[in-house]
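1. Fold the following, please.
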Amino acid sequence: MSTKLKRDQLPKEKAENWKNNFRDEAEDTFNLKLAPIILQKATYKSLIGENENRVRVYLGLEETTSEGKYVLCAFAVSSFLLGSGDVYADYETPVYKLEPQNIDFSDNTRKVIESIRLYRKWRAGEIDAEAKGAEYRQYIYPNAYLLTKFELHELFNAQNREEIKIEFGIQKTMDVIVSAASLKASENKDTEEFNTAGLCPPYCDERSIYNS
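-> All right, here's what the predicted structure looks like:
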């Protein structure tokens, strides 16, 4: 009998699959060095504050390279719900660099912004443009992650962890592209392509006889 998953918890098989996908992709497009990315409990408490805000993690690059490669780093900020929608806005401070010992960069936000901008140049293929797969980075690697309250509450409060690690995974899912049909290859050159589909799962009609 399978164990019931907690809210926002990944099944172990899925988590391992994501990690394997990342390792495979790294051979083609991820030409960066990884340093440990750690979020400490004291940092978490500072970021969520009394209003229990969300935590957003931005990716950046170190100023100096290591063994000829740029080094990925990360910064965490506090994000609050803007209005009644699902839009979360960032507070400018506090902001922390997520090394094994978290560093408060609230007095040096310029350095944080420079690091994030450097990463985005890499992501856009402007840095190491000749590297394999540089032109595809923008479709694979995100700018930032908005973490949920539940996963952090589970680890820091329910499990009373003093620090957590942030790793990376890639999920691979076949998606759909819709365009005008033509049997002539020459007419497909300037075809407009669209994607507004909701994948099933999770967007399924459980009542449909075709989804039985």
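2. what comes up buried for the helix or strand that contains H153?
-> Taking DSSP states H and E as the definition, H153 sits inside helix 149-153. For helix 149-153, burial by neighbour count (16 or more other CB atoms under 10 Å) applies to E151, L152, H153. Where you see a C-beta, it was placed from the backbone N, CA and C, and this is true even at glycine.
3. of the residues you listed, closest to S46?
-> Ranked by distance to S46 (CB to CB), those are led by L152 at 12.7 Å.
4. wait, what's in contact with the closest one?
-> L152 makes contact with L39, Y44, I48, V55, I164, according to CB atoms under 8 Å, 6 or more residues apart in numbering.
5. for the record, mean pLDDT for the helix holding H153?
-> Averaging pLDDT along helix 149-153 gives 95.
6. what's the following helix or strand after it?
-> Next element after helix 149-153 (DSSP H and E): strand 163-165.
7. What lies in contact with that following strand?
-> Contacts for strand 163-165 (CB under 8 Å, 6+ apart): P36, I37, I38, L39, Q40, K41, L152, L155, F156.
8. let's go with 6 Å and repeat that
-> I38, L39, Q40, L155 (CB atoms under 6 Å, 6 or more residues apart in numbering).
9. What about the residues you listed, which one has the most neighbours?
-> Greatest neighbour count in these, by other CB atoms under 10 Å, goes to L39: 24 neighbours.
10. Next up, the contacts around I103.
-> K97.
11. hey, what's it bridged with?
-> K97 (DSSP bridges).
12. D104: which of the contacts of strand 163-165 is nearest?
-> Out of the contacts of strand 163-165, the member with the shortest distance to D104 (by CB to CB) is Q40, at 11.2 Å.
13. quick one: low-confidence ranges for the protein?
-> When residues are selected by pLDDT under 70, those of the chain lie in 1-2, 182-189.
14. Point me to the residue sitting closest to the centre of it.
-> Y145 (4.3 Å; CA atoms, centre = their mean).
15. Provide a list of residues in contact with it.
-> Y145 neighbours (CB under 6 Å, 6+ apart): V57.
16. The helix or strand harbouring it: which residues count as buried?
-> Y145 is located in strand 144-147, with elements delineated by DSSP H and E. By neighbour count with 16+ other CB under 10 Å, strand 144-147 contains the buried residues A144, L147.
17. ok, now stretch 26-40?
-> T29, F30, N31, L32, I37, I38, L39, Q40.
18. how long is it end to end?
-> 27 Å (CA to CA, to the nearest Å).
19. Need the contact partners of that stretch.
-> Against stretch 26-40 from outside (CB under 6 Å, 6+ apart): 66, 69-72, 74, 98, 100, 102, 128, 131-133, 136-137, 163-166.
20. Mind doing that once more with 8 Å?
-> Counting by CB under 8 Å, 6+ apart, 22, 55, 57, 61-62, 66-67, 69-74, 76, 98-102, 122, 128, 131-134, 136-137, 140-141, 152, 162-168 sit against stretch 26-40.
21. Return the subset of the contacts of strand 163-165 lying in strands.
-> I38, L39, Q40 (DSSP state E).
22. From the residues you listed, pick the one nearest V176.
-> Nearest member of the ones in strands among the contacts of strand 163-165 to V176, counting by CB to CB, is L39, at 36.0 Å.
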